[in-house]
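Asks: The sequence and its predicted three-dimensional model are supplied below.
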Amino acid sequence: MAEQPVFLSDDVVARFLSYDELIPKLEEVLGQFSRGVSSEVVQPVRSVMPIHNHHGYLGLMPAYIAHEDILCTKMVAFYRREGNLNLPSTQATVLLFNPEYGNVRAVMDGLDITHKRTAAVSAISAKLLMPAQSDVLCILGCGHQAVSHYEIFTRLFSFKEVRVCSRTLETAERFAARVQGPMKVFTSAEEAVHGADLIITVTNSSEPVLFGEWVKPGAHVAAVGACRPDWRELDDVLMRDAVIYVDTREGAAVESGDIILSGAEVFAEVGEVLNGTRPALRNKTTVFKSLGMGIQDAVAAKLVFDKWKSSQ
Ligand SMILES: NC(=O)C1=CN([C@@H]2O[C@H](COP(=O)(O)OP(=O)(O)OC[C@H]3O[C@@H](n4cnc5c(N)ncnc54)[C@H](O)[C@@H]3O)[C@@H](O)[C@H]2O)C=CC1
Ligand SMILES: O=C([O-])C1=[NH+]CCC1
(Lines give C-alpha, C1' and ligand atoms only; values in the text may rest on other atoms or scores of the structure.)
(Ligands and ions follow the chains in the order given, each with its own letter.)
Protein backbone atom coordinates (compact mmCIF):
# COMPACT_ATOMS: atom_id res chain seq x y z
CA MET A 1 0.00 0.00 0.00
CA ALA A 2 1.27 3.49 -0.85
CA GLU A 3 2.50 5.60 2.07
CA GLN A 4 0.05 8.20 3.37
CA PRO A 5 0.93 11.80 2.50
CA VAL A 6 2.16 13.98 5.32
CA PHE A 7 1.07 17.60 5.70
CA LEU A 8 3.86 20.05 6.55
CA SER A 9 2.60 23.40 7.79
CA ASP A 10 4.30 26.71 7.12
CA ASP A 11 6.20 26.79 10.42
CA VAL A 12 7.51 23.23 9.91
CA VAL A 13 8.61 24.08 6.36
CA ALA A 14 10.30 27.27 7.63
CA ARG A 15 12.17 25.32 10.31
CA PHE A 16 13.60 22.85 7.80
CA LEU A 17 14.45 25.20 4.93
CA SER A 18 17.80 26.99 5.18
CA TYR A 19 19.33 29.35 2.67
CA ASP A 20 22.71 27.68 3.12
CA GLU A 21 21.39 24.45 1.65
CA LEU A 22 18.96 26.05 -0.76
CA ILE A 23 21.33 28.35 -2.65
CA PRO A 24 23.74 25.67 -4.00
CA LYS A 25 20.78 23.48 -5.00
CA LEU A 26 19.19 26.38 -6.88
CA GLU A 27 22.44 27.21 -8.66
CA GLU A 28 22.81 23.59 -9.73
CA VAL A 29 19.26 23.22 -11.02
CA LEU A 30 19.21 26.60 -12.81
CA GLY A 31 22.37 25.54 -14.64
CA GLN A 32 20.84 22.20 -15.57
CA PHE A 33 17.66 23.85 -16.79
CA SER A 34 19.60 26.23 -19.04
CA ARG A 35 21.51 23.36 -20.63
CA GLY A 36 18.11 22.56 -22.15
CA VAL A 37 18.38 18.79 -21.94
CA SER A 38 14.79 17.71 -21.47
CA SER A 39 15.74 14.32 -20.09
CA GLU A 40 17.52 16.09 -17.19
CA VAL A 41 14.94 18.67 -16.18
CA VAL A 42 11.31 18.88 -17.25
CA GLN A 43 9.46 22.08 -16.55
CA PRO A 44 6.64 23.31 -18.77
CA VAL A 45 5.80 27.02 -18.78
CA ARG A 46 3.48 27.73 -15.85
CA SER A 47 -0.15 27.30 -16.80
CA VAL A 48 -2.17 30.17 -15.37
CA MET A 49 -5.92 30.63 -15.20
CA PRO A 50 -7.77 33.72 -14.07
CA ILE A 51 -9.88 33.94 -10.89
CA HIS A 52 -12.04 36.67 -12.41
CA ASN A 53 -14.12 37.67 -9.44
CA HIS A 54 -11.10 38.35 -7.26
CA HIS A 55 -8.52 39.93 -9.62
CA GLY A 56 -6.39 36.84 -9.20
CA TYR A 57 -4.72 33.94 -10.99
CA LEU A 58 -4.05 30.32 -10.19
CA GLY A 59 -0.72 29.05 -11.52
CA LEU A 60 0.19 25.37 -11.84
CA MET A 61 3.96 24.72 -11.66
CA PRO A 62 4.96 21.07 -12.22
CA ALA A 63 8.59 20.00 -12.44
CA TYR A 64 10.59 16.79 -12.70
CA ILE A 65 14.33 16.72 -11.98
CA ALA A 66 15.53 13.36 -13.27
CA HIS A 67 18.96 12.91 -11.67
CA GLU A 68 17.57 13.67 -8.22
CA ASP A 69 14.27 11.95 -9.00
CA ILE A 70 12.19 14.85 -7.69
CA LEU A 71 8.60 15.15 -8.92
CA CYS A 72 6.74 18.17 -7.63
CA THR A 73 3.95 20.61 -8.37
CA LYS A 74 3.27 23.96 -6.80
CA MET A 75 -0.12 25.59 -7.04
CA VAL A 76 0.15 29.29 -6.51
CA ALA A 77 -2.66 31.82 -6.29
CA PHE A 78 -1.60 35.40 -6.82
CA TYR A 79 -3.60 38.61 -6.92
CA ARG A 80 -3.55 42.21 -7.96
CA ARG A 81 -4.24 43.99 -4.69
CA GLU A 82 -4.10 47.64 -5.54
CA GLY A 83 -7.15 48.72 -3.53
CA ASN A 84 -7.27 45.86 -1.07
CA LEU A 85 -4.23 46.05 1.13
CA ASN A 86 -5.23 43.66 3.89
CA LEU A 87 -5.42 40.53 1.76
CA PRO A 88 -2.32 38.48 0.83
CA SER A 89 -0.85 38.82 -2.68
CA THR A 90 0.24 35.18 -2.83
CA GLN A 91 -0.77 31.79 -1.40
CA ALA A 92 0.87 28.52 -2.36
CA THR A 93 0.67 24.77 -1.81
CA VAL A 94 3.35 22.30 -2.85
CA LEU A 95 2.80 18.61 -3.62
CA LEU A 96 5.87 16.38 -3.51
CA PHE A 97 5.35 13.02 -5.26
CA ASN A 98 6.94 9.62 -5.16
CA PRO A 99 8.06 9.64 -8.81
CA GLU A 100 8.05 5.86 -9.13
CA TYR A 101 4.43 5.33 -8.06
CA GLY A 102 2.95 8.76 -8.68
CA ASN A 103 1.47 9.05 -5.20
CA VAL A 104 1.79 12.22 -3.12
CA ARG A 105 4.33 11.93 -0.29
CA ALA A 106 3.89 15.39 1.16
CA VAL A 107 1.55 18.33 0.97
CA MET A 108 3.37 21.45 2.11
CA ASP A 109 2.34 24.98 2.73
CA GLY A 110 4.23 26.73 -0.06
CA LEU A 111 4.63 30.25 1.28
CA ASP A 112 7.99 29.94 3.00
CA ILE A 113 9.34 28.00 0.03
CA THR A 114 8.10 30.74 -2.31
CA HIS A 115 9.54 33.54 -0.22
CA LYS A 116 12.95 31.94 0.34
CA ARG A 117 13.59 30.44 -3.07
CA THR A 118 12.60 33.70 -4.81
CA ALA A 119 14.91 35.76 -2.60
CA ALA A 120 17.69 33.20 -3.00
CA VAL A 121 17.44 33.33 -6.81
CA SER A 122 17.54 37.14 -6.72
CA ALA A 123 20.67 36.87 -4.55
CA ILE A 124 22.23 34.48 -7.07
CA SER A 125 21.57 37.05 -9.82
CA ALA A 126 23.11 39.78 -7.67
CA LYS A 127 26.23 37.70 -6.93
CA LEU A 128 26.76 37.41 -10.67
CA LEU A 129 25.63 40.82 -11.89
CA MET A 130 25.82 43.57 -9.28
CA PRO A 131 28.71 46.05 -9.46
CA ALA A 132 31.87 44.75 -7.76
CA GLN A 133 31.65 47.67 -5.30
CA SER A 134 28.01 47.74 -4.18
CA ASP A 135 27.41 49.97 -1.18
CA VAL A 136 23.76 50.92 -1.42
CA LEU A 137 20.82 48.51 -1.58
CA CYS A 138 17.33 49.82 -2.28
CA ILE A 139 14.17 47.72 -1.86
CA LEU A 140 10.93 48.97 -3.45
CA GLY A 141 7.89 47.26 -1.92
CA CYS A 142 7.69 46.20 1.72
CA GLY A 143 5.64 43.00 1.81
CA HIS A 144 6.51 39.33 2.26
CA GLN A 145 9.09 39.12 -0.50
CA ALA A 146 10.77 42.24 0.84
CA VAL A 147 11.29 40.47 4.17
CA SER A 148 12.96 37.40 2.64
CA HIS A 149 15.01 39.56 0.27
CA TYR A 150 16.19 41.82 3.11
CA GLU A 151 17.11 38.75 5.15
CA ILE A 152 19.27 37.06 2.53
CA PHE A 153 20.78 40.15 0.91
CA THR A 154 21.97 41.61 4.22
CA ARG A 155 23.30 38.18 5.22
CA LEU A 156 25.26 37.54 2.01
CA PHE A 157 26.51 41.03 1.16
CA SER A 158 27.81 44.03 3.12
CA PHE A 159 26.03 47.26 2.28
CA LYS A 160 26.84 50.62 3.78
CA GLU A 161 23.22 51.61 3.44
CA VAL A 162 19.88 49.83 2.95
CA ARG A 163 16.91 51.90 1.82
CA VAL A 164 13.28 50.89 1.60
CA CYS A 165 10.21 52.50 0.10
CA SER A 166 6.67 51.24 -0.29
CA ARG A 167 3.36 52.50 -1.56
CA THR A 168 2.54 53.86 1.88
CA LEU A 169 4.81 55.05 4.66
CA GLU A 170 2.84 52.89 7.08
CA THR A 171 3.75 49.67 5.21
CA ALA A 172 7.40 50.66 5.05
CA GLU A 173 7.49 51.46 8.77
CA ARG A 174 5.76 48.17 9.62
CA PHE A 175 8.40 46.38 7.56
CA ALA A 176 11.23 48.24 9.32
CA ALA A 177 9.80 47.26 12.71
CA ARG A 178 9.43 43.63 11.62
CA VAL A 179 12.92 43.01 10.22
CA GLN A 180 14.69 45.18 12.81
CA GLY A 181 17.89 45.63 10.85
CA PRO A 182 19.54 48.91 9.88
CA MET A 183 17.68 50.72 7.09
CA LYS A 184 16.41 54.09 5.99
CA VAL A 185 12.72 54.48 5.15
CA PHE A 186 11.93 56.74 2.18
CA THR A 187 8.62 58.21 1.08
CA SER A 188 9.84 58.92 -2.47
CA ALA A 189 10.89 55.96 -4.65
CA GLU A 190 12.98 58.30 -6.81
CA GLU A 191 14.97 59.49 -3.80
CA ALA A 192 15.34 55.95 -2.48
CA VAL A 193 16.73 54.75 -5.82
CA HIS A 194 19.10 57.68 -6.36
CA GLY A 195 22.70 56.39 -6.37
CA ALA A 196 21.73 52.80 -5.41
CA ASP A 197 24.00 50.03 -6.70
CA LEU A 198 21.44 47.30 -6.29
CA ILE A 199 17.67 47.77 -6.56
CA ILE A 200 15.10 45.11 -5.76
CA THR A 201 11.50 45.58 -6.90
CA VAL A 202 9.12 43.38 -4.91
CA THR A 203 5.80 45.14 -5.38
CA ASN A 204 2.34 43.94 -6.32
CA SER A 205 1.95 46.88 -8.66
CA SER A 206 0.81 46.46 -12.24
CA GLU A 207 2.25 49.84 -13.28
CA PRO A 208 5.95 50.80 -13.40
CA VAL A 209 7.45 51.68 -10.01
CA LEU A 210 11.05 52.04 -11.24
CA PHE A 211 12.12 54.38 -14.05
CA GLY A 212 15.30 54.18 -16.07
CA GLU A 213 16.15 57.83 -15.61
CA TRP A 214 16.41 57.29 -11.83
CA VAL A 215 18.81 54.33 -12.08
CA LYS A 216 22.56 54.81 -11.65
CA PRO A 217 24.44 53.50 -14.73
CA GLY A 218 25.95 50.11 -13.94
CA ALA A 219 23.42 49.28 -11.21
CA HIS A 220 21.79 45.87 -10.97
CA VAL A 221 18.00 45.50 -10.67
CA ALA A 222 16.32 42.33 -9.45
CA ALA A 223 12.68 42.66 -10.56
CA VAL A 224 10.43 40.16 -8.82
CA GLY A 225 6.83 41.40 -9.21
CA ALA A 226 4.80 41.99 -12.43
CA CYS A 227 4.38 38.34 -13.36
CA ARG A 228 1.57 38.85 -15.87
CA PRO A 229 1.95 39.84 -19.53
CA ASP A 230 0.11 43.13 -18.94
CA TRP A 231 1.71 44.03 -15.59
CA ARG A 232 4.76 46.25 -15.23
CA GLU A 233 7.24 47.23 -12.53
CA LEU A 234 9.92 48.72 -14.80
CA ASP A 235 9.50 51.38 -17.48
CA ASP A 236 10.48 51.13 -21.16
CA VAL A 237 13.59 53.27 -20.72
CA LEU A 238 15.09 50.93 -18.16
CA MET A 239 14.08 47.83 -20.13
CA ARG A 240 15.68 49.15 -23.31
CA ASP A 241 18.86 50.55 -21.72
CA ALA A 242 19.68 47.60 -19.49
CA VAL A 243 21.05 44.17 -20.32
CA ILE A 244 18.19 41.78 -19.54
CA TYR A 245 18.66 38.46 -17.74
CA VAL A 246 15.78 36.11 -16.89
CA ASP A 247 15.19 32.86 -15.03
CA THR A 248 13.54 31.30 -18.10
CA ARG A 249 13.37 32.70 -21.62
CA GLU A 250 10.23 30.70 -22.39
CA GLY A 251 8.43 31.96 -19.30
CA ALA A 252 9.53 35.55 -19.86
CA ALA A 253 8.19 35.55 -23.43
CA VAL A 254 4.76 34.52 -22.18
CA GLU A 255 4.44 36.09 -18.72
CA SER A 256 6.58 39.18 -18.30
CA GLY A 257 4.82 42.45 -19.14
CA ASP A 258 8.12 44.29 -18.67
CA ILE A 259 9.70 42.23 -21.44
CA ILE A 260 6.72 41.74 -23.76
CA LEU A 261 5.40 45.31 -23.68
CA SER A 262 8.78 47.06 -23.82
CA GLY A 263 9.99 44.83 -26.66
CA ALA A 264 13.30 44.36 -24.80
CA GLU A 265 15.57 41.55 -25.87
CA VAL A 266 16.58 38.89 -23.39
CA PHE A 267 20.37 38.57 -23.23
CA ALA A 268 20.65 35.43 -21.11
CA GLU A 269 19.17 33.12 -18.53
CA VAL A 270 20.88 33.23 -15.16
CA GLY A 271 21.51 29.50 -15.61
CA GLU A 272 23.51 30.26 -18.77
CA VAL A 273 25.71 32.63 -16.79
CA LEU A 274 26.17 29.96 -14.11
CA ASN A 275 27.13 27.49 -16.86
CA GLY A 276 29.60 29.98 -18.35
CA THR A 277 27.86 29.93 -21.74
CA ARG A 278 26.78 33.62 -21.51
CA PRO A 279 28.74 36.41 -19.82
CA ALA A 280 27.85 38.39 -16.69
CA LEU A 281 28.07 42.00 -17.87
CA ARG A 282 28.69 43.50 -14.44
CA ASN A 283 29.89 46.83 -15.79
CA LYS A 284 26.59 47.51 -17.56
CA THR A 285 23.20 48.31 -16.08
CA THR A 286 21.57 44.92 -15.68
CA VAL A 287 18.04 43.70 -14.94
CA PHE A 288 17.23 40.23 -13.70
CA LYS A 289 13.56 39.63 -14.47
CA SER A 290 12.38 36.90 -12.11
CA LEU A 291 9.13 35.05 -12.70
CA GLY A 292 9.61 31.96 -10.53
CA MET A 293 10.08 28.36 -11.64
CA GLY A 294 8.68 24.99 -10.60
CA ILE A 295 12.19 23.52 -10.39
CA GLN A 296 13.06 26.09 -7.72
CA ASP A 297 10.11 24.93 -5.63
CA ALA A 298 10.97 21.29 -6.32
CA VAL A 299 14.53 21.44 -4.94
CA ALA A 300 13.31 23.43 -1.93
CA ALA A 301 10.48 20.97 -1.21
CA LYS A 302 12.87 18.00 -1.42
CA LEU A 303 15.27 19.64 1.04
CA VAL A 304 12.39 20.23 3.46
CA PHE A 305 10.99 16.71 3.08
CA ASP A 306 14.36 14.97 3.57
CA LYS A 307 15.13 17.00 6.68
CA TRP A 308 11.67 16.47 8.10
CA LYS A 309 11.96 12.72 7.43
CA SER A 310 15.32 12.41 9.10
CA SER A 311 13.93 14.25 12.15
CA GLN A 312 11.23 11.56 12.65
N1 LIG B 1 9.25 36.20 -9.26
C2 LIG B 1 8.81 35.30 -8.42
O3 LIG B 1 9.33 34.19 -8.33
C4 LIG B 1 7.68 35.64 -7.50
C5 LIG B 1 7.04 36.83 -7.63
N6 LIG B 1 6.05 37.18 -6.77
C7 LIG B 1 5.46 38.50 -6.94
O8 LIG B 1 6.20 39.39 -6.11
C9 LIG B 1 5.40 40.52 -5.76
C10 LIG B 1 5.50 40.78 -4.26
O11 LIG B 1 4.96 39.67 -3.55
P12 LIG B 1 4.68 39.78 -1.97
O13 LIG B 1 5.81 40.41 -1.30
O14 LIG B 1 4.21 38.45 -1.55
O15 LIG B 1 3.45 40.80 -1.96
P16 LIG B 1 2.93 41.69 -0.76
O17 LIG B 1 1.52 42.03 -1.04
O18 LIG B 1 3.28 41.06 0.53
O19 LIG B 1 3.81 43.03 -0.89
C20 LIG B 1 3.71 43.91 -1.96
C21 LIG B 1 4.28 45.24 -1.54
O22 LIG B 1 4.34 46.10 -2.67
C23 LIG B 1 4.03 47.41 -2.24
N24 LIG B 1 3.67 48.24 -3.39
C25 LIG B 1 2.60 48.15 -4.20
N26 LIG B 1 2.64 49.11 -5.13
C27 LIG B 1 3.77 49.82 -4.91
C28 LIG B 1 4.36 50.94 -5.54
N29 LIG B 1 3.78 51.51 -6.58
N30 LIG B 1 5.54 51.39 -5.05
C31 LIG B 1 6.15 50.80 -3.99
N32 LIG B 1 5.60 49.73 -3.36
C33 LIG B 1 4.43 49.25 -3.80
C34 LIG B 1 2.88 47.17 -1.26
O35 LIG B 1 2.64 48.28 -0.43
C36 LIG B 1 3.43 45.97 -0.49
O37 LIG B 1 4.29 46.40 0.53
C38 LIG B 1 4.00 40.18 -6.26
O39 LIG B 1 3.80 40.82 -7.49
C40 LIG B 1 4.04 38.68 -6.46
O41 LIG B 1 3.12 38.23 -7.44
C42 LIG B 1 5.66 36.36 -5.74
C43 LIG B 1 6.25 35.14 -5.61
C44 LIG B 1 7.30 34.68 -6.47
O1 LIG C 1 6.84 31.61 -8.83
C2 LIG C 1 5.89 31.93 -8.11
O3 LIG C 1 5.56 31.31 -7.11
C4 LIG C 1 5.10 33.11 -8.50
N5 LIG C 1 5.44 33.87 -9.48
C6 LIG C 1 4.52 34.93 -9.68
C7 LIG C 1 3.56 34.82 -8.59
C8 LIG C 1 3.92 33.60 -7.84
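Replies: Ah, there it is. Ligands and ions are numbered 1, 2, ... in the order given.

Asks: Flag every residue of the protein that's near ligand 2.
Replies: Within the chain, the residues that sit near ligand 2 (C-beta under 6 Å from any ligand atom) are 76, 78, 90, 92, 114, 227, 291, 292. All C-beta atoms are positioned from the backbone trio N, CA, C, and that covers glycine.

Asks: Could you verify my assumption that the last one touches residue 118?
Replies: Yes. Residue 292 sits in contact with residue 118 when judged by C-beta atoms under 8 Å, with a separation of 6.1 Å.

Asks: Sort out for me which of the residues of the chain next to ligand 2 are in strands.
Replies: Applying DSSP state E to the residues of the chain next to ligand 2, the entries found in strands are 76, 78, 90, 92.

Asks: Grab the nearest non-local neighbour of the last one.
Replies: Read it as residue 92. Residue nearest to residue 92 in three dimensions, not counting chain neighbours: residue 110, with 3.0 Å by C-beta to C-beta, 6 or more residues apart in numbering.

Asks: burial count for that neighbour?
Replies: Residues lying near residue 110 (other C-beta atoms under 10 Å) number 24.

Asks: Now for it: which residues touch it?
Replies: Residues in contact with residue 110 (C-beta atoms under 8 Å, 6 or more residues apart in numbering) are 13, 74, 75, 76, 91, 92, 93, 94, 297.

Asks: Next one: the nearest residue to residue 290 once chain neighbours are set aside from ligand 1, what distance?
Replies: Spatial nearest neighbour of residue 290, excluding adjacent residues (C-beta to C-beta, 6+ apart): residue 224 at 4.9 Å. In this view, residue 224 and ligand 1 are 4 Å apart by C-beta to the nearest ligand atom, to the nearest Å.

Asks: quick one: low-confidence ranges for the chain?
Replies: Flagging of the chain using pLDDT under 70 yields the residue ranges 1-2, 82-85.

Asks: Show me how far the longest helix anywhere in it is from its chain's centre.
Replies: Once the chain is assigned using DSSP state H, the helix that runs over the most residues is helix 111-129. Chain-centre distance of helix 111-129: 5 Å, with C-alpha atoms, centre = their mean, to the nearest Å.

Asks: Among the contacts of residue 110, name the buried ones.
Replies: Buried by 16 or more other C-beta atoms under 10 Å: 13, 74, 76, 91, 92, 93, 94, 297, out of those.

Asks: Let me see the domain layout of the protein.
Replies: The record assigns the chain these domain ranges, following automatic domain parsing: 6-113+295-311, 130-293.

Asks: got the end-to-end distance for the shortest one?
Replies: Right, the one you point to is domain 6-113+295-311. With C-alpha to C-alpha, to the nearest Å as the measure, the ends of domain 6-113+295-311 fall 14 Å from one another.

Asks: One more: stretch 48-57?
Replies: 6 Å.

Asks: Burial check on the residue in the chain that ligand 1 sits nearest to, number of neighbours?
Replies: Distance from ligand 1 to each residue of the chain (C-beta to the nearest ligand atom) is smallest for residue 143, at 1.8 Å. For residue 143, the neighbour count with other C-beta under 10 Å is 21.

Asks: quick one, what contacts it?
Replies: Going by C-beta under 8 Å, 6+ apart, residue 143 touches 89, 166, 171, 175, 202, 203, 204.

Asks: As a markdown table, the residues you listed with distance to residue 302 and secondary structure would be great.
Replies: Supplementary listing: those in a markdown table, determined by distance: C-beta to C-beta, whole Å; DSSP: H, G, I helix; E, B strand; the rest coil:
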| residue | distance to residue 302 | secondary structure |
| --- | --- | --- |
| 89 | 26 | coil |
| 166 | 34 | coil |
| 171 | 34 | helix |
| 175 | 31 | helix |
| 202 | 25 | coil |
| 203 | 30 | coil |
| 204 | 29 | coil |
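
Asks: residues from the stretch 201-312 of the chain in reach of ligand 1?
Replies: Proximity of the stretch 201-312 of the chain to ligand 1 (C-beta under 6 Å from any ligand atom) is limited to residues 202, 203, 204, 205, 209, 224, 225, 227, 290, 291, 292.

Asks: With adjacent residues omitted, what lies nearest to the second one?
Replies: Of all residues not flanking residue 203 in the chain, residue 141 sits nearest, at 3.6 Å (C-beta to C-beta, 6+ apart).

Asks: Run a quick neighbour tally on that neighbour.
Replies: By the criterion of other C-beta under 10 Å, residue 141 has 27 neighbours.

Asks: Over to it: give its phi and psi.
Replies: Main-chain dihedrals, residue 141, degrees, to the nearest 10: phi 100, psi 130.
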